[in-house]
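1. sequence plus predicted model, see below.
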Amino acid sequence: MPCGPGGSDVLGPPLHGLFVLLGTLAAILVFVAGARQRRPLTPELRAILVGALCGGSIGAKLAVAWRYVDTAIPAGAAPTLVGFLLQSGQSILGGLAGAYVGAVLTKKILGYRAGTGDLFAPAVALGIGVGRIGCLLTEVPGTPTGSSWGVVVDAARAARIPGFPASWIGVPLHPSFAYEFAFQLGMAILLFRLRARGACRDDLFKLYLLAYAPVRFLLEFVRGNPAVWHGLTRSQLFLLPAMLALALAFRRRWRAPGLPPLPEASDA
């Protein structure tokens, strides 16, 4: 799944790309295995998966398009369309939004009415978790912390990380990507359990988004991404209305007649 270094979303070295690829493959395998287990893996489902992957790729790039037109970008950073496609990086949040839109549009085109959230939710959580390992190994881990679990980056490694602040060399840093990896792995396990019990049915992916949004909002405070408005980063400004929209959608959804309530916390 897509990601970018703290503060710049620049594509990391080959190791980063390897884990992005592994995360994407893991998500595809989990989706296909879940589809075969729960229903026939029809051509329509394959098309929806492709639509989600294409939408995710487009959304991940469009979400960092602001860097392409930002006048503050140093000369030559991304001067051409090819430079934008190869060097401008990707965005997890943009990829998630794009994948959701891609899946929905493909379903509308095909006239596919059955839910697919139960297939996408655990696949996406596991895929992002795997991708975050690459982020941890190749990007700015996070902001300085006095905690004993902080990650210390030496000068040699810092030289290989785009945009690494010189003042942070040798300083314990928040392993923000490790925090998110733990969350994504825990969510994947929880989503597998909920799916096995038939809980939340077609709203499982929305439930995942509703859980991920506030976690990512809080993680931004230790990611080191630049604040652009009242101390908030671009990701946080995107997440605020997204969280409100998800909460309102769930409130309307679960108050509608004929739908089961959300599972109790003790059952999770």
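-> Done, it's in. Since this is a predicted model, take the numbers as computed values, not measurements. Residues are numbered from 1 along each chain as shown.
2. below-threshold pLDDT in the stretch 151-268 of the chain: ranges please.
-> 254-268 (pLDDT under 70).
3. what do you get if the cut-off is 80, keeping everything else the same?
-> For the stretch 151-268 of the chain, the stretches flagged by pLDDT under 80 are 199-202, 250-268.
4. residue boundaries of the helices in it?
-> The residue ranges that make up the helices of the stretch 151-268 of the chain, judged by DSSP state H, counting those that start in this stretch, are 155-158, 176-197, 204-223, 234-255.
5. quick check: which of these is nearest to residue 115?
-> Taking Cβ to Cβ, helix 204-223 is the member of these nearest to residue 115, at 8.4 Å. Every residue, glycine included, has its C-beta placed from N, CA and C.
6. phi and psi next, for residue 115.
-> phi -70, psi 150 (degrees, to the nearest 10).
7. typo on my end, residue 231
-> phi 80, psi 0.
8. ok, which of the helices of the stretch 151-268 of the chain comes nearest residue 134?
-> helix 176-197 (8.6 Å).
9. give me the contacts around the closest one.
-> Identification of contacts with helix 176-197 by Cβ atoms under 8 Å, 6 or more residues apart in numbering yields 3, 6, 34, 118, 121-122, 125-126, 128-129, 132-133, 135-136, 139, 141-143, 151, 200, 204, 207-208, 211-212, 215-216, 219, 222-224, 263, 267-268.
10. go with 7 Å
-> Contact with helix 176-197 is made by 6, 118, 121-122, 125-126, 128-129, 132-133, 135-136, 141-142, 200, 204, 208, 211, 215, 219, 222-223, 263, 268, as judged by Cβ atoms under 7 Å, 6 or more residues apart in numbering.
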